[in-house]
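Engineer: Structure for the following, please:
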Amino acid sequence: MNSGGDGAVGHAYAPRASGGRVPGRFHRAAQLESRASALRESAGTGAVADNLTGALTTLFGPIPMAIIPLVTFRDRLRARLRHAAPGGGIAILAQATTAVSAYLGDERDLGRIAADADIDSLTLSLVGGGHPLFTDREPGPPDTAAVNRFVTSVVADAVHRRPAR
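Structural biologist: Numbers count the residues shown, from 1 in each chain. The predicted model follows:
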């Protein structure tokens, strides 16, 4: 357990650009937000599947993947996190869901995904089916090619079937 000098105990602290220290959980949340912004900024560039592969690889990095099982199997921790922030510890998955959904919507608006694509279903498939690729593995993340095969199979129809507007 760490103390940031303000009496708060129990959280790791990370340096703040302004010189102070910010609790590690907020630092991780800011990192996830930054990654989500980068995904949205990639809309209209590169291949959709490649952008999503990169995003899932960074959004489901080692720290978020270590937190999910901790929250899933610890009722008291889950209750504390729900109280501290709506969405609780599974907010990691909620943030990934929001980022992927916004990106897919942007790509649809740009005409790179079919206008009638079900963004909610694609998002659920990518996040719900994607995060297990990063768990129960040998040490280290899954092979990028495996993630790309998964992503490509999920979005293939929506990317290739783009009816004229």
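Engineer: how near is the nearest residue to Thr98 once chain neighbours are set aside to Thr58?
Structural biologist: Nearest in space to Thr98, with sequence neighbours left out and distances taken as CB to CB, 6 or more residues apart in numbering, is Ala36 at 6.9 Å. Bear in mind the C-beta positions are built from the backbone N, C-alpha and C, glycine included. Separation of Ala36 from Thr58 (CB to CB, to the nearest Å): 10 Å.
Engineer: thinking again about what came up before, just to check, the residue nearest to Thr98 is in contact with Thr97?
Structural biologist: No: the pair Ala36 / Thr97 is not scored as a contact, 10.1 Å apart, by CB atoms under 8 Å.
Engineer: close enough to count as contact, Leu39 and Ala99?
Structural biologist: Yes: between Leu39 and Ala99 there is a contact under CB under 8 Å: 5.4 Å.
Engineer: Can you find the helix or strand in the chain with the smallest mean pLDDT?
Structural biologist: Least confident element among the helices and strands of the chain, by mean pLDDT, DSSP states H and E: strand 13-15 (a mean of 39).
Engineer: Return every residue with contacts to both of Leu39 and Ala99.
Structural biologist: 55, 59 (CB atoms under 8 Å, 6 or more residues apart in numbering).
Engineer: where does the protein dip in pLDDT?
Structural biologist: Along the chain, segments meeting pLDDT under 70 span 1-32, 62-73, 78, 81-91, 136-138, 162-165.
Engineer: which residues in it form strands?
Structural biologist: Taking DSSP state E, the strands of the chain run over residues 13-15, 21-23.
Engineer: State the distance from Tyr103 to Ala79.
Structural biologist: For Tyr103, the distance to Ala79 - CB to CB - is 32 Å.
Engineer: likewise Ala49?
Structural biologist: For Ala49, the distance to Ala79 - CB to CB - is 38 Å.
Engineer: who has more neighbours, the two?
Structural biologist: Ala49 (19 against 11; other CB atoms under 10 Å).
Engineer: Could I get the full set of helices for the protein?
Structural biologist: Secondary structure of the chain by DSSP state H: the helices cover 24-41, 48-59, 62-72, 75-84, 91-109, 119-130, 144-160.
Engineer: and among the ones you listed, the most buried is which?
Structural biologist: helix 48-59 (a mean of 22; mean count of other CB atoms under 10 Å).
Engineer: And that one, what does it pack against?
Structural biologist: helix 24-41, helix 91-109, helix 119-130, helix 144-160 (3 or more CB pairs under 8 Å, 6 or more residues apart in numbering; DSSP states H and E).
Engineer: Thanks again, I'm all set now.
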